[in-house]
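Participant: Structure here, sequence nowhere to be found:
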């Protein structure tokens, strides 16, 4: 009678045992909208369409707003001024400029007020922060396009937040180096210009928009973005219900279950992402 060694038997058992299914990476989300609270949404819309020639006034699912390329800035009309402090995870958002110095002078001539005048960061980047309606902070910076290009976020752990967007929403990590250590690392000291803490930082790409994640700049926890001037970001996913299930199974928090998006026919849900940021998941065209 032929015998089977212990090591051979173990190999047979391993080969016969069913393998656990690999967790599929989520289909990449795309950037759908920013949702702002405004005491005068009509005036705010006029500000953006007058200031950025790549934008136009639109209505989406009953929400008034603007379109810039393939994304939207939508508005809720509110009775009292939305808060801008304490800090939420959403710092500011912005458009690119192919001619920063000329554009800056044009904006000044058109009466645009700036919180931060044109400033140089490194050898090739110029930026400035506009004072937009309702206290929103809008950046323009050197770019190869005039498109809406980024939302700048704060985080208690920027590298961990980037990992979350990659894992749960299929974002593309644009950081230069592959990390081998833990995602929670100490903050660097503030640096010039403006005395900003810039490290550790991470950038993830969601569709055509970059989410640039910096350390929180002040002591104390970041608060929910709901009710702030920038209430939440909206991302398109192929299947809202499946995305909600995946995020809840990984320990994520559901703020609003699957519901109709505005007055439209698509589905949506509101989840809480890293650092209490509110993220609305909107059904992509062609989704169920």
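Facilitator: Perfect, thanks for sending it. Here the structure is a predicted model, which is why all the values come from computation and not from measurement.

Participant: For the stretch 1-150 of the chain, give me the ranges with low pLDDT.
Facilitator: 1-24 (pLDDT under 70).

Participant: please redo it, this time with the cut-off set to 80
Facilitator: Residue ranges of the stretch 1-150 of the chain with pLDDT under 80: 1-25.

Participant: just the helices in it please.
Facilitator: Assigned by DSSP state H, counting those that start in this stretch, the stretch 1-150 of the chain shows helices spanning 6-16, 41-51, 100-109.

Participant: Next, count neighbours for residue 198.
Facilitator: 16 (other Cβ atoms under 10 Å). To be clear about C-beta, it is placed using only N, CA and C from the backbone, and glycine gets the same treatment.

Participant: From the centroid of this protein, which residue is nearest?
Facilitator: Centroid-nearest residue in the chain, with Cα atoms, centre = their mean: residue 211, separated by 4.6 Å.

Participant: Confirm that that one sits in a strand.
Facilitator: Yes - applying DSSP: H, G, I helix; E, B strand; the rest coil, one finds residue 211 inside a strand.

Participant: ok, residue 80 touching residue 39?
Facilitator: Yes - in this structure, residue 80 is within contact of residue 39 by Cβ atoms under 8 Å, at 7.0 Å.

Participant: Compare the two and say which is more crowded by neighbours.
Facilitator: Neighbours were counted for residue 80 and for residue 39 using other Cβ under 10 Å; residue 39 has more, 14 against 7.

Participant: residue contacts, residue 243?
Facilitator: 26, 29, 168, 169, 237, 269, 281 (Cβ atoms under 8 Å, 6 or more residues apart in numbering).

Participant: how does it look with 6 Å?
Facilitator: Taking Cβ atoms under 6 Å, 6 or more residues apart in numbering, we find residue 243 in contact with 237, 281.

Participant: does it count as helix, strand or coil?
Facilitator: Applying three-state DSSP: residue 243 is helix.

Participant: again, but for residue 198
Facilitator: Applying three-state DSSP: residue 198 is coil.

Participant: That one - nearest residue in space that isn't next to it in sequence?
Facilitator: Once flanking residues are discounted, residue 198 sits nearest to residue 191: 5.6 Å by Cβ to Cβ, 6 or more residues apart in numbering.

Participant: Tell me the pLDDT of the one you found.
Facilitator: Looking at residue 191, its pLDDT stands at 97.

Participant: what's stretch 175-184 in contact with?
Facilitator: Contacts to stretch 175-184, defined as Cβ under 6 Å, 6+ apart, come from residues 157, 159, 160, 163, 202.
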